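Colleague: build me a model from this:
(2 chains)
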Amino acid sequence: MNVQAPPLTHNDYKSDVKPIWCPGCGDYAVLSAVTRALADLGRPREQIAFISGIGCSSRIPAYTNVYGFHGVHGRALAIAAGVKLARPDLTVLAAGGDGDGLSIGGNHFMHACRRNVDMTYIVMDNEVYGMTKGQASPTTAPDWCKSKLTPEGTGIAPVDPCRLALAAGANFIARGFAGNPNEVARFIVEGINHPGFSFIQVLSPCVTYRPEQREWKSIVHPADASPAQIMAEAMHRLAADDGFTTGVLFQGNRAPFQPIGKNVATFADLERKFES
Amino acid sequence: MTEVANFLAHAVALEAEAVERYDELADAMEVHNNMEVADLFRQLAKFSRLHLAEVKETAKGVELPHLKPWEYQWHSAEGPESAPMERTHYRMTPYHCVHLALANERRGHQYYADLAYKAKDAEVKKLAQQFADEEAQHVVMLEKWAATIKEPEADWDVDFDPPTDAD
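Modeller: Next up, the predicted model:
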């Protein structure tokens, strides 16, 4: 008898580990969006790899029920690219925070965008280093002076993650808001389905170190145009953007990275090498 | 898909999302050792589970459409009875918890009352009115509950071992 298993629900993609994020943290919504997106795609759990760096948000793979790798600070994309190139059959997701992805991992981010490996990267952006108790990150406004490390603000222009992704060559760019997890789920589905490197910035409030971000709910606004398909058009729009526009902002058509040449060794070969 | 099926699919999702959020908040409060509020969120999840079972019973025999999460037509970003995550705090008190639940139920009531007013389909109108009346009862119940809880002092969120005291 051929019994078909019922389709997986979003709860099937959640692990039994309870998040230790602060109540009110936007990262809960990202977890909800990821699991809803995966349920919508209906991919078997063993065909998904979720890689992260270090930081509050980088705990997210542990809260999911797919293959996970809580990696090295800023190196999620290097690991994720390696996973995807070794196992192109897998759906590869990477995630982390603004500090992990744009400062410690800034160089990896730039090159992951231009390399265009077929994977999806989610940056949960709260404009602060939360795990180390509230220091300015690359996306922090120059006049934010609540950290004792920068009592007069950083005085440095922040990185706009979407502009950086576009300039570096990302093939799909979206910005979502944690207060709208269902929309973020859609962006994740579209990002996974879009060939090449997909970048999704999620404005994810840190209610502990940036309590004023609770008000983001009244600041975010949807994009008033369909996604740009030409880089120049996307750049033009992003140049005039206030950083709170949500939507799919760019859909490029570059072919994903394919390694040149043939594999010189199989997994079995590698395993034999380790055993010998 | 009939309008009734679409209405009931939304009603099921509304309660299911509320249950999930209360459970999530109960877990979060437990992790942060705010057991009193964790218990309250657990109770609220239990109530929402009962409402979910009732809605499912009403929907029995109706083939509900499978909607993607972003296809639900709420008046706001999430289901009307889902507690807004950003309105919570690890030191929140029972007062805040019950008032949060009250606001959720009021949004739920408003959602159904609007549908009852605007729906063209007679069956949807009837069901929406029935659900609005039930939500109105929940609102009254929570208002009574909220009235029994004293408002905390203004410094309720002061933490003598604060996570924000860092560098």
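
Colleague: residues in contact with A:Thr120?
Modeller: Contacts for A:Thr120 (C-beta atoms under 8 Å, 6 or more residues apart in numbering or on different chains) come out as A:92-94, A:188, A:191-192, A:198-200. Every residue, glycine included, has its C-beta placed from N, CA and C.

Colleague: how about B:Ala26?
Modeller: For B:Ala26, the contact set (C-beta under 8 Å, 6+ apart) comprises B:38-39, B:41-42, B:45.

Colleague: ok, 10 Å please
Modeller: Neighbour list for B:Ala26: A:18, B:34-35, B:37-46, B:97 [criterion: C-beta atoms under 10 Å, 6 or more residues apart in numbering or on different chains].

Colleague: got a quick ChimeraX command for the buried subset of those?
Modeller: Buried residues among the contacts of B:Ala26 (16 or more other C-beta atoms under 10 Å in any protein chain shown), as a ChimeraX selection:
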select /B:34,37,38,40,41,42,44,45,97
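
Colleague: can I assume A:Ala81 sits in a strand?
Modeller: No - if the criterion is DSSP: H, G, I helix; E, B strand; the rest coil, then A:Ala81 is helix and not within a strand.

Colleague: any idea how far the nearest residue to it once chain neighbours are set aside lies from B:Leu100?
Modeller: Counting by C-beta to C-beta, 6 or more residues apart in numbering or on different chains, A:Ala81 lies nearest to A:Val117, which is 4.7 Å off, once chain neighbours are set aside. When distance is defined by C-beta to C-beta, to the nearest Å, A:Val117 is 43 Å away from B:Leu100.

Colleague: same deal with A:Leu149?
Modeller: Taken as C-beta to C-beta, the span from A:Leu149 to B:Leu100 is 34 Å.

Colleague: again, but for A:Ala268
Modeller: For A:Ala268 relative to B:Leu100 (C-beta to C-beta), the value is 56 Å.

Colleague: and these two? which has more neighbours close in?
Modeller: Neighbour tally, A:Ala268 and B:Leu100, criterion other C-beta atoms under 10 Å in any protein chain shown: the higher count belongs to B:Leu100, 21 against 8.

Colleague: where does that one sit, in terms of helix or strand?
Modeller: For B:Leu100, the element it lies in under DSSP states H and E is helix B:94-118.

Colleague: does that helix pack against any helices or strands, and if so which?
Modeller: Contacts defined by 3 or more C-beta pairs under 10 Å, 6 or more residues apart in numbering or on different chains; DSSP states H and E place helix B:94-118 against helix B:3-31, helix B:35-58, helix B:122-147.

Colleague: and the second one, anywhere near chain A?
Modeller: Yes - judged by C-beta under 10 Å from any C-beta of the partner chain, helix B:35-58 and chain A are in contact via B:37-38, B:41.

Colleague: which strands and helices sit next to that helix?
Modeller: Applying 3+ C-beta pairs under 10 Å, 6+ apart, one finds that helix B:35-58 contacts helix B:3-31, helix B:94-118, helix B:122-147.

Colleague: pLDDT below threshold where in chain B?
Modeller: Scanning chain B for pLDDT under 70 picks out the ranges B:1, B:163-167.

Colleague: count of neighbours near B:Thr148?
Modeller: 8.

Colleague: sorry, back to before: possible to save the contacts of B:Ala26 as a markdown table with distance to A:Leu238?
Modeller: Shown next, in a markdown table, are the contacts of B:Ala26 (distance: C-beta to C-beta, whole Å):
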| residue | distance to A:Leu238 |
| --- | --- |
| A:Lys18 | 37 |
| B:Asn34 | 41 |
| B:Met35 | 46 |
| B:Val37 | 42 |
| B:Ala38 | 42 |
| B:Asp39 | 47 |
| B:Leu40 | 44 |
| B:Phe41 | 40 |
| B:Arg42 | 44 |
| B:Gln43 | 47 |
| B:Leu44 | 42 |
| B:Ala45 | 41 |
| B:Lys46 | 47 |
| B:Cys97 | 41 |
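
Colleague: now, which of the contacts of B:Ala26 sits nearest B:Met85?
Modeller: B:Phe41 (12.2 Å; C-beta to C-beta).

Colleague: ok, and the closest non-adjacent residue to that closest one?
Modeller: B:Ala26 (3.7 Å).

Colleague: quick one: the lengthiest helix in chain A to helix B:3-31, angle?
Modeller: In chain A, taking DSSP state H as the definition, the longest helix is helix A:27-41. Interaxial angle, helix A:27-41 versus helix B:3-31 (axes from the mean of the first three to the mean of the last three C-alpha atoms, to 10 degrees): 140 degrees.

Colleague: does any part of helix A:27-41 sit near chain B?
Modeller: Yes - Helix A:27-41 is in contact with chain B by C-beta under 10 Å from any C-beta, via A:27-29, A:31-33, A:36-37, A:39-40.

Colleague: which parts of the stretch 51-200 of chain A are strands?
Modeller: A:67-70, A:91-97, A:119-125, A:172-177, A:197-203 (DSSP state E, counting those that start in this stretch).

Colleague: mind listing the strands the first one pairs with, and their directions?
Modeller: Okay, so that is strand A:67-70. strand A:48-52 (parallel) (DSSP bridges).

Colleague: please apply the same query to the fourth one.
Modeller: Based on DSSP bridges, the strands next to strand A:172-177 in the sheet, each with its direction, are strand A:197-203 (parallel), strand A:245-251 (antiparallel).

Colleague: what's the angle from it to strand A:119-125?
Modeller: Angle, strand A:172-177 to strand A:119-125, by the same axes, to 10 degrees: 30 degrees.

Colleague: just how off-centre is strand A:172-177 within its chain?
Modeller: Computed by C-alpha atoms, centre = their mean, to the nearest Å, the separation of strand A:172-177 from the middle of its chain amounts to 9 Å.

Colleague: cool, and stretch A:204-214?
Modeller: Distance, centroid of stretch A:204-214 to centroid of chain: 19 Å (C-alpha atoms, centre = their mean).

Colleague: stretch A:109-121 too?
Modeller: That offset, for stretch A:109-121, works out to 11 Å (C-alpha atoms, centre = their mean).

Colleague: in that stretch, what counts as buried?
Modeller: By 16+ other C-beta under 10 Å, the buried positions in stretch A:109-121 come out as A:109-110, A:112-113, A:115-121.
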